[in-house]
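Undergrad: Okay, sequence plus prediction incoming.
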Amino acid sequence: MITVLIVDDSLTTREYLRHIITSVPDLAIAGEANNGKEALALAESTKPDVIIMDIQMPGMNGYEATRAIMEKCPTPIIIHSTLVAPGQTENIFKAMKAGAVAVAQKPPGIGHPDAPLLIEKLLRTVRLMSEIKVIRLFKKKTKSLSPAPIEAQAVKQNTPSTGIIAIGASTGGPPIIQGILDNLEKNFSIPIIIVQHIASGFLDGMVEWLSKTTPLPLKIIKTGEPISGGQVYFAPENDYVDITASRTFLLTKINHKENLKRPISHLFSSVANVYKNTGVGVLLTGMGNDGVSGLKEMKAQGAMTLVQDKDSAIVFGMPGEAIKVKAETYVLTPEDITAYLNKISRNAPWDALA
């Protein structure tokens, strides 16, 4: 049985959510709160599997409550609000930065033509998020984990020139990607390709959100486009990304009937085939194991492979699976990943490799 804590200052909304949750046999109500302060107390006392959290509430709002819960009693939190429609980018990613693992629009009332679809989507999200094990956020930073000092071993000792950087992320990824991109140097010279698992309709908003603070140009990949240094590329939501021998992009539609869709591993594998030991693979927070097999291929080709550390990953699924199969060269904090990327950019200007 999956237990759910409902947090919303509207009695009508709480009653509607209670009706939705109790209408299926595998979900149950752990409790209800009408503000963030009550939510924090109930999260600590009832230890629900999932929390459905509103944003606009008196006193402690949903962002503040999410952050407080992720500090004291980490629990998968779904932000559930009229403020998280696909076009409302700032609210969506502000919620993720606070520690929410998913966002969901409030379903309209019973009888509305969109209600069944949004209700089913909410139930599916609750079930899926209940399976993840989240970590305590915003705690004191710990020393990064790495086999040896980065500067001595990874940069100074026979490190090949870097031709491309491929980054994969899933649950909890957007704020980590933001932190990495925001701290890259303005003259960063190496192309970066990012695959972020994200719901359909949200990628444009994420790129727009990131562009407000990131010094590098950002764009969504198009087939046939040549790869340029100092550019950050994002894989479209519904496509696999391949890199051709002539260093251009080739997009292939993902067959959503596939049982196992692995867009991160697909990209990593393509980088391994084309760039060999001049690629860098970075695997960040996320549930599941996408990226693991591709990262191992990159390492086998001599590429540098970096995995986010457990203390900073909101979900340690993908990084943890990579470590199990020894696909990583280093396990690093996001800050150390950024520092390493800046070092290789300074040591190996990309335009010299073209």
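TA: Noted; the coordinates are in hand. Residues are numbered from 1 along each chain as shown.
Undergrad: can you give me the strands for the stretch 1-150 of the chain?
TA: For the stretch 1-150 of the chain, the strands defined by DSSP state E, counting those that start in this stretch cover 2-7, 27-33, 50-53, 77-80, 102-104.
Undergrad: out of those, deepest packed?
TA: Mean neighbour count (mean count of other Cβ atoms under 10 Å) peaks for strand 50-53 among these, with a mean of 29. In short, each C-beta sits where N, CA and C put it, glycine included.
Undergrad: Now do that strand: everything it contacts.
TA: Here strand 50-53 makes contact (Cβ atoms under 8 Å, 6 or more residues apart in numbering) with 2-8, 17, 39, 43, 62, 65-66, 69, 75-80, 100, 104, 122, 126, 129-130.
Undergrad: what's the answer for stretch 310-328, then?
TA: 99, 101, 132-135, 137, 139, 141-142, 168, 170-172, 176, 264, 283-293, 295-296, 299, 305-309, 331, 333-334.
Undergrad: Could you report the neighbour count for Met1?
TA: By the criterion of other Cβ atoms under 10 Å, Met1 has 8 neighbours.
Undergrad: residues in contact with it?
TA: Residues near Met1 by Cβ under 8 Å, 6+ apart: Asp26, Leu27, Ala28.
Undergrad: ok, back up a step: please, a ChimeraX command that selects the buried ones among the contacts of stretch 310-328?
TA: Of these, the buried ones go into a single ChimeraX selection, burial set by 16 or more other Cβ atoms under 10 Å:
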select :99,101,132,134,135,137,168,170,171,172,176,264,283,284,285,286,287,288,289,290,291,292,293,295,296,299,305,306,307,308,309,331,333,334
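Undergrad: now, which of the contacts of stretch 310-328 lie within helices?
TA: Counting by DSSP state H, these place Ile176, Ile264, Val292, Ser293, Leu295, Lys296, Lys299, Pro334 in helices.
Undergrad: And the strands in the stretch 151-300 of the chain, which stretches?
TA: 164-169, 192-196, 218-220, 232-234, 239-243, 249-253, 279-283.
Undergrad: sorry, back to before: and the furthest pair within the ones in helices among the contacts of stretch 310-328?
TA: Ser293 and Pro334 (23.1 Å; Cβ to Cβ).
Undergrad: in the stretch 101-250 of the chain, which segments are predicted with low confidence?
TA: Applying pLDDT under 70 to the stretch 101-250 of the chain flags the ranges 135-161.
Undergrad: What are the neighbouring residues in contact with the residue nearest to Ile119 when sequence neighbours are not counted?
TA: Nearest non-adjacent residue to Ile119, counting by Cβ to Cβ, 6 or more residues apart in numbering: Pro107, 4.8 Å away. Applying Cβ under 8 Å, 6+ apart to Pro107 gives the contacts Tyr16, Ile20, Asp114, Ala115, Leu118, Ile119, Leu122.
Undergrad: Please apply the same query to Glu32.
TA: When contacts are counted by Cβ under 8 Å, 6+ apart, Glu32 touches Leu5, Ile6, Val7, Arg14, Arg18, Leu42.
Undergrad: and the last one, how many residues sit next to it?
TA: Read it as Leu42. Neighbour count for Leu42, taken as other Cβ under 10 Å: 20.
Undergrad: Go ahead and confirm it touches Ile29.
TA: No: counting by Cβ atoms under 8 Å, Leu42 sits too far from Ile29 to count as a contact (11.0 Å).
Undergrad: For these two, list the residues in contact with both.
TA: Contacts common to Leu42 and Ile29, judged by Cβ under 8 Å, 6+ apart, are Leu5.
Undergrad: Report the contact partners of the nearest residue to Ala95 once chain neighbours are set aside.
TA: Distance criterion Cβ to Cβ, 6+ apart; nearest residue to Ala95, sequence neighbours excluded, is Ile79 at 4.1 Å. Ile79 makes contact with Met53, Asp54, Ile55, Gly62, Thr66, Ile92, Ala95, Ala100, Ala102, Val103, Ala104, according to Cβ under 8 Å, 6+ apart.
Undergrad: please redo it, this time with the cut-off set to 10 Å
TA: The contact partners of Ile79, by Cβ atoms under 10 Å, 6 or more residues apart in numbering, come to 7, 51-55, 62-63, 66, 91-92, 94-96, 98-105.
Undergrad: Could you chop this structure up by domain?
TA: 2-129, 150-352 (automatic domain parsing).
Undergrad: In the chain, which residue sits furthest out from the middle?
TA: Going by Cα atoms, centre = their mean, the residue of the chain most distant from its centre is Gly111, 34.5 Å out.
Undergrad: ok, that residue to Gly168 distance?
TA: 42 Å (Cβ to Cβ, to the nearest Å).
Undergrad: And for Ile337?
TA: Here Ile337 is placed at a distance of 13 Å from Gly168 (Cβ to Cβ).
Undergrad: what does Ser265 give?
TA: For Ser265, the distance to Gly168 (Cβ to Cβ) stands at 8 Å.
Undergrad: Between the two, which contacts overlap?
TA: Val195, Leu283, Asp290, Gly291, Val292, Gly294, Leu295.
Undergrad: nearest spatial neighbour of Asp54, skipping sequence neighbours?
TA: Asp8 (4.1 Å).
Undergrad: That neighbour: how many residues sit nearby?
TA: By other Cβ under 10 Å, neighbour count at Asp8 equals 26.
Undergrad: I figured it was touching Pro58, is that so?
TA: No: contact criterion Cβ atoms under 10 Å: Asp8 and Pro58 do not qualify, at 11.6 Å.
Undergrad: Could you check how far the closest residue in space to Thr248 that isn't next to it in sequence is from Val207?
TA: Excluding the flanking residues, the one nearest Thr248 by Cβ to Cβ, 6+ apart is Pro226, at 5.2 Å. Distance of Pro226 to Val207, computed by Cβ to Cβ: 19 Å.
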